[in-house]
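K.L.:
missing the sequence, but the structure's below:
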């Protein structure tokens, strides 16, 4: 699976063609792993409480996990969809990191819906910038 496939620095990224179920499995895996690890990181206190991101705030986490999961599926889908058409470096790992960070921050700070939507928008913007940069590099390499 792509999320665990580590390419060397000298190995160029390549498009990831394949059947739709393979792309769907990659998107769901990256999102589920990011959600699970973000939830565990929020549930287990790491270090002193005086600094850093606070542990999970009291209350039900299901609404935040659903919101982070939906945003994560969109972000990972954008990255994987772009990687199916042109070379994108580590789309699964980037999607995983964005979902993990969003989940960890949401569970620690319990943002209001507007702030949660802004965070999801920032994750989507980061994924879009990553894809745009990859497309720029691909076009520059093919033009030369």
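P.N.:
It's in. Just so it is clear, the model here is predicted, and its values are computed rather than measured.

K.L.:
check the spacing between the residue positioned nearest the centre of the chain and residue 80 real quick.
P.N.:
Nearest residue to the geometric centre of the chain (Cα atoms, centre = their mean): residue 95, 2.3 Å. To residue 80, residue 95 is 7 Å away according to Cβ to Cβ, to the nearest Å. In short, each C-beta sits where N, CA and C put it, glycine included.

K.L.:
now residue 20: how far from residue 50?
P.N.:
48 Å.

K.L.:
if you count what's nearby, which of those two comes out ahead?
P.N.:
residue 20 (8 against 5; other Cβ atoms under 10 Å).

K.L.:
state the distance from that one to residue 26.
P.N.:
For residue 20, the distance to residue 26 - Cβ to Cβ - is 11 Å.

K.L.:
how near is residue 131 to residue 20?
P.N.:
19 Å.

K.L.:
my bad, should have said residue 68
P.N.:
For residue 68, the distance to residue 20 equals 24 Å [Cβ to Cβ].

K.L.:
residues contacting residue 68?
P.N.:
35, 38, 99, 102, 103, 106, 120 (Cβ atoms under 8 Å, 6 or more residues apart in numbering).

K.L.:
quick one, phi/psi of it?
P.N.:
Per-residue torsions, residue 68: phi -70, psi -40 (degrees, to the nearest 10).

K.L.:
how about it: what's its closest non-neighbour residue?
P.N.:
Leaving aside its sequence neighbours, residue 68 sits nearest to residue 103 (Cβ to Cβ, 6 or more residues apart in numbering; 4.5 Å).
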